[in-house]
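[1] what follows is a predicted structure for the sequence shown.
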Amino acid sequence: MARSKIDGVIEAVRYDNDGRILLVRAYERRGVAYSDRVLLDRAKLLEKLKQGRKFFTGQRKEYWAGTFELGQPVERLAFHDKEFITTAGQSGRDMLENTPLF
């Protein structure tokens, strides 16, 4: 069975006072390897999700290079001219479940 392509893994999130994602700390796929940690603001993450890139929550396995323990897929949802980034389905707000804050 072919493994689905993963474009990035989000390991931590920062929310603003309104509960919207401000920043995420992630690893992005660069060919066959992953980048060092990168910070993506909300606009940049939304742009990547709109382009069809697949992000998951998760953690890097220590001493295993580009191997990750994956959590849930990250989705971009649009309701009434508002966009949300979530792993919780139709939550109506930004929410990356079980992702640590930084």
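    Received it, and whenever you're ready, just let me know what you need. Numbers count the residues shown, from 1 in each chain.
[2] for Leu23, give the beta-bridge partners.
    Per DSSP bridges, the residues bridged to Leu23 are Arg14, Asp41.
[3] pretty sure it contacts Arg37?
    No: with contact defined as Cβ atoms under 8 Å, Leu23 does not count as touching Arg37 (11.5 Å). To be clear about C-beta, it is placed using only N, CA and C from the backbone, and glycine gets the same treatment.
[4] so the two - more neighbours on which side?
    Summary of the neighbour comparison: Leu23 and Arg37, criterion other Cβ atoms under 10 Å, with Leu23 having more neighbours (17 against 12).
[5] contacting residues for the more buried one?
    Leu23 is in contact with 13-14, 39-42, 102, counting by Cβ atoms under 8 Å, 6 or more residues apart in numbering.
[6] mind checking which of those residues are buried?
    With neighbours counted by 16 or more other Cβ atoms under 10 Å, the contacts of Leu23 contain buried members at 13, 40, 42.
[7] please list all residues in contact with the residue lying closest to the last one once chain neighbours are set aside.
    What sits nearest to Arg42 in space, not counting adjacent residues and going by Cβ to Cβ, 6 or more residues apart in numbering, is Ile21, at 4.8 Å. When contacts are counted by Cβ under 8 Å, 6+ apart, Ile21 touches 13-15, 42, 45, 85, 94, 96.
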